[in-house]
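Student: Here's a sequence, model it:
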Amino acid sequence: ANSGYASSSMTDQNPISAGPPPGFHRLEMPRGFISVNGPLYMRQDPGDARAGIAPSVALGMLVEAKHGNPRGVCHGGMMMTFADILLAIVVRHAEPQLGMMPTVSMSTDFLAGAPVGSFLTGTGRLLKRTRKLAFAEGRVMAGDTLALRVSGILKIPSRPLVPADRLPAGAGHPPPPSPP
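Tutor: The predicted structure is shown next:
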């Protein structure tokens, strides 16, 4: 049975020199918090309706020294930032017409450290959507280790804060304004 989560095939715990796993492409974040704290990567899988495999999306990040805490693992604040973006991307993947959605509530469980040099892979699913809210959950793997579990509620604005067609594909963040 399909759990709704994509699986991580990443087993290399030190992929920085090799780059992201196959299928991931860099998300271009031209400004804002993530533009200086990334880079982030995304992989989309179209699924296979005949085999009962739903389309999925995964978010990725190479844990670099700048993401680490003094113990040499990804800082919890960075893990939460990654999880927050993951939830927005998961919801937008399921509901592509939605624009930017602010997070109303998010709960995280730290299950294991993500050492500097590991590759994070986040997957998730939209649990429910109402007229005003989207409920989602996700998991973040550090290589083959479950590092974080997240659930969250995102606000669906009554009018788009940024139209979906102006957002980078799956990114959930607005592009920079056009020059005058």
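Student: Other residues contacting the lowest-mean-pLDDT helix or strand in the chain?
Tutor: Within the chain, no helix or strand scores below helix 33-37, which has a mean of 76 by mean pLDDT, DSSP states H and E. Residues outside helix 33-37 that contact it (C-beta atoms under 8 Å, 6 or more residues apart in numbering): 29, 40, 66-67, 78, 81, 85, 173. C-beta coordinates here come from the backbone N, C-alpha and C atoms, glycine included.
Student: Kindly recompute the last result at 7 Å.
Tutor: Contacts of helix 33-37 with the rest of the structure, by C-beta atoms under 7 Å, 6 or more residues apart in numbering, involve 29, 40, 78, 81, 85, 173.
Student: Of those residues, which belong to helices?
Tutor: Members of these lying in helices (criterion: DSSP state H): 78, 81, 85.
Student: For ChimeraX, write a command that selects the buried ones of those.
Tutor: In ChimeraX, this line selects whichever of the ones in helices among the contacts of helix 33-37 come out buried by 16 or more other C-beta atoms under 10 Å:
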select :78,81,85
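Student: pLDDT value on the nearest residue to Met61 once chain neighbours are set aside, please?
Tutor: Spatial nearest neighbour of Met61, excluding adjacent residues (C-beta to C-beta, 6 or more residues apart in numbering): Leu120 at 4.6 Å. pLDDT recorded at Leu120 is 95.
Student: Just to be sure, Arg131 is in a helix?
Tutor: No. Counting by DSSP: H, G, I helix; E, B strand; the rest coil, Arg131 falls outside a helix, being coil.
Student: So, low pLDDT: which residues of the chain?
Tutor: In the predicted model, the chain carries pLDDT under 70 at residues 1-18, 47-48, 54, 159-180.
Student: Please, where are all the helices along it?
Tutor: Going by DSSP H, the chain shows helices at 33-37, 76-94.
Student: Of these, which stretch is the most buried?
Tutor: Across the helices of the chain, averaging neighbours per residue (mean count of other C-beta atoms under 10 Å) puts helix 76-94 on top, at a mean of 22.
Student: Give me the residues contacting it.
Tutor: In contact with helix 76-94 (C-beta under 7 Å, 6+ apart) are residues 34, 37, 40, 42, 57, 59, 61, 67, 98, 101, 103, 106, 108, 110, 114, 120, 122, 124-126, 134, 136, 138, 140, 148, 150, 152, 154, 170-172.
Student: and if we set it to 6 Å?
Tutor: Helix 76-94 is contacted from outside by 57, 59, 61, 67, 98, 101, 103, 108, 122, 124, 126, 134, 136, 138, 148, 150, 152, 154, 170, 172, using C-beta atoms under 6 Å, 6 or more residues apart in numbering.
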